[in-house]
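> With the sequence up front, the predicted model follows.
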Amino acid sequence: MSLAIWTNPAAANQAENIPVPSPQKLERITEFFNNEVATGKLPGAVILIQQHGRPVFLKCFGVQDVATKAPMTPDTIFALHSMTKPVTSVAAMMLIDAGKLSLTDPAAKFVPAFADVKVGVASVAADGMTPFLKLVPPDRPVTIEDLLRHTSGITYDYIGGKLIDKAYKDSGLFDGKFDNKRFAERIARLPLARQPGTLWRYGHSTDVLGRIIEIVSGQTLYQFEKQHIFDPLGMSSTKYVLENADERARMAEPLPSDTILLDAERERRAHPEWESGGGGLVSTLNDYARFAQMILNGGEFDGKRYLSPAAFKAMTTDHVGPGSGVARDYFYFPGDGFGYGYGLAVRTDPGNAKPPPPGSIGELKWDSGSGTYFGVDPSLDMVYIMLEQTQNERGRILPVFKKLVYDAFATDK
């Protein structure tokens, strides 16, 4: 079991004032995941808690595939699904840093089909019974900022309501072979679920952003991310398509009973030509830990700066909070106490729950439908990552995992 170690000199100087985790409480994480595997709820998982650039907890549980029984390792490859979004968002912020892209640029500047996009408003026909989508012009164009903060009105079919769901499913969005160019053109022909800038609505915004990165850079999304993020960070196993038998043998698989995730993975793997900026990457614990540490370091890693201080601050500031004009509803996935920046959720307040959920003001996070999760906590100079492949159990496991992590750092009173 190996993991590279990185230090942040500025943080190290402050380390003496920051709580350290209790070894006894860390052992509760071991007990929890051992039980998950032993009771057949998970095939396996890999867990990292890293403080001051050094692992304070790194363990692999179970197997990466119940069929092969190959053990989990820090180099097991996981489908990241929506944990792809922070990576694509960083790539976009790098282009903004370079002056090649602006937050205020309309999406139609790069994908002309967006010039004709309409907003779908749920309506009822003259008979007073038949529902239909009334198509109205957007009040303003969809912008790069909308794509970064999920306020474009672009959604996922299962989130946007029955009429939007039907429009998406009837459109042939995923038919045949398609790349980012074709996907962006297809989705631009679909109705927006809401007026741009009015509602945080999860969806394919980051996929469209991936296409715009391609247009601006003149490279495929993977080529750009490989050159500017993966290779410099040493993320050698992070990619959209597995390239050889060794990589395929390291791939983690869901349990046979995890049918929703199995179906999603089957669909993802059926389209190797689509480099989905919203959900297509695979990666390892060793790789994603480097990305997370770069975020913890404020956009810098091992002496190389990936984001300017201004771009990093913009990315990690809440842009959907009070005064933004952005509403929230049941599908506000950042959750209680969190705002949303550009590709990352940011903790803004304790939240409404009593007692409040564990964590710190200013913590950053994102997770995925495949069960992966990462958190970055500047106040503890800590990153923590959970990689597993489960849709069935992720909603139950995630809050338990996060509580166990923060309990380990809590000072007994």
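Alright, I've got the coordinates. Here the structure is a predicted model, which means the values were calculated and not measured.

> Please count neighbours and contacts with C-alpha atoms only from this point.
Fine.

> shouldn't residue 196 be in contact with residue 149?
No: counting by C-alpha atoms under 8 Å, residue 196 does not reach residue 149; the two are 11.0 Å apart.

> More neighbours: these two, which one.
residue 149 (26 against 23; other C-alpha atoms under 10 Å).

> and residue 170, how many residues sit next to it?
9.

> Next: residue 403.
Close neighbours of residue 403, defined as other C-alpha under 10 Å, add up to 14.

> How about it, nearest residue that isn't a chain neighbour?
Nearest residue to residue 403, sequence neighbours excluded (C-alpha to C-alpha, 6 or more residues apart in numbering): residue 358, at 5.8 Å.

> Residue 115 too?
residue 108 (5.2 Å).

> The one you found should be in a helix, yeah?
Yes: assessed with DSSP: H, G, I helix; E, B strand; the rest coil, residue 108 lies in a helix.

> Can you tell me how far it is from residue 117?
9 Å (C-alpha to C-alpha, to the nearest Å).

> out of the two, which sits in the more crowded spot?
Taking neighbours as other C-alpha under 10 Å, residue 108 and residue 117 compare with residue 117 leading, 21 against 18.

> my guess is the residue nearest to residue 115 meets residue 114, correct?
Yes: when contacts are counted by C-alpha under 8 Å, residue 108 is listed as touching residue 114 (4.7 Å).

> Now do the shared contacts for these two.
residue 142 (C-alpha atoms under 8 Å, 6 or more residues apart in numbering).

> Show the pLDDT at the closest residue to residue 362 other than its chain neighbours.
Closest residue to residue 362 apart from its sequence neighbours, by C-alpha to C-alpha, 6+ apart: residue 347 at 4.9 Å. At residue 347, the predicted lDDT confidence score is 98.

> Next, residue 347: phi, psi?
Main-chain torsions, residue 347, degrees, to the nearest 10: phi -70, psi 120.

> Strands along the stretch 51-200 of the chain, start to end?
Applying DSSP state E, counting those that start in this stretch to the stretch 51-200 of the chain gives strands spanning 54-62, 78-79, 119-124, 131-136.

> The first one - contacts with which helices or strands?
Read that as strand 54-62. helix 23-38, strand 44-51 (3 or more C-alpha pairs under 8 Å, 6 or more residues apart in numbering; DSSP states H and E).

> what's that strand in contact with?
3, 5-7, 21, 26, 30, 33-34, 37, 42-50, 71-74.

> Just tell me which of the strands of the stretch 51-200 of the chain ends up closest to residue 244.
Nearest to residue 244 among these is strand 78-79 (15.3 Å), distances taken as C-alpha to C-alpha.

> who does that closest one pair up with?
Its sheet considered, strand 78-79 pairs with strand 282-283 (antiparallel) by DSSP bridges.

> For the partner strand, the averaged confidence score.
On average, strand 282-283 scores 98.

> gap between that strand and the chain center?
Chain-centre distance of strand 282-283: 12 Å, with C-alpha atoms, centre = their mean, to the nearest Å.

> Then stretch 202-215?
13 Å.

> Export only the CA atoms of that stretch, formatted as CSV.
Extracted C-alpha coordinates of stretch 202-215, given in CSV (Å, rounded to 0.1, in the frame of the first residue of the first chain):
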residue,chain,number,x,y,z
TYR,A,202,-28.3,19.6,-11.3
GLY,A,203,-27.8,18.3,-14.8
HIS,A,204,-25.7,18.2,-18.0
SER,A,205,-24.3,21.8,-17.6
THR,A,206,-20.8,20.5,-17.0
ASP,A,207,-21.0,18.3,-20.1
VAL,A,208,-21.7,21.4,-22.1
LEU,A,209,-18.8,23.1,-20.3
GLY,A,210,-16.6,20.2,-21.4
ARG,A,211,-17.5,20.9,-25.0
ILE,A,212,-16.7,24.6,-24.7
ILE,A,213,-13.3,23.7,-23.2
GLU,A,214,-12.7,21.7,-26.4
ILE,A,215,-13.7,24.6,-28.6
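
> Please tell me how far the closest residue to residue 100 other than its chain neighbours sits from residue 91.
Distances taken as C-alpha to C-alpha, 6+ apart place residue 216 nearest to residue 100, at 6.9 Å, with adjacent residues excluded. Residue 216 sits at a distance of 11 Å from residue 91 (criterion: C-alpha to C-alpha).

> what's the answer for residue 129, then?
Distance from residue 129 to residue 91, by C-alpha to C-alpha: 47 Å.

> The two: which is more packed in?
Between residue 129 and residue 91, counting by other C-alpha under 10 Å, residue 91 is the more crowded of the two (23 against 9).

> That one reaches residue 226, doesn't it?
No: look at residue 91 against residue 226 with C-alpha under 8 Å: they stay out of range, at 10.1 Å.

> picking up where we left off before, what about the residue nearest to residue 100, neighbour count?
13.

> same thing with residue 311?
Neighbour count of residue 311, defined by other C-alpha under 10 Å: 18.

> List the contacts of it.
With C-alpha under 8 Å, 6+ apart, residue 311 has these contacts: 93-94, 96-97.

> What's the separation between the most centrally placed residue in the chain and residue 269?
Note on the chain: the residue nearest the mean C-alpha position is residue 83, at 2.8 Å, using C-alpha atoms, centre = their mean. Using C-alpha to C-alpha, we find residue 83 at a distance of 17 Å from residue 269.

> try residue 96
Distance from residue 96 to residue 269, by C-alpha to C-alpha: 31 Å.

> Residue 309 now?
According to C-alpha to C-alpha, residue 309 and residue 269 sit 37 Å apart.

> so residue 200 makes contact with residue 154?
No: look at residue 200 against residue 154 with C-alpha under 8 Å: they stay out of range, at 10.0 Å.

> Tell me which of the two has more neighbours.
Higher neighbour count among residue 200 and residue 154: residue 154, with 29 against 26, using other C-alpha under 10 Å.

> count of residues packed around residue 142?
Count around residue 142 with other C-alpha under 10 Å applied: 26.

> for residue 23, same thing?
Neighbour count for residue 23, taken as other C-alpha under 10 Å: 12.

> give me the low-pLDDT residue ranges for this protein?
Within the chain, the ranges that satisfy pLDDT under 70 run 1-16, 412-413.
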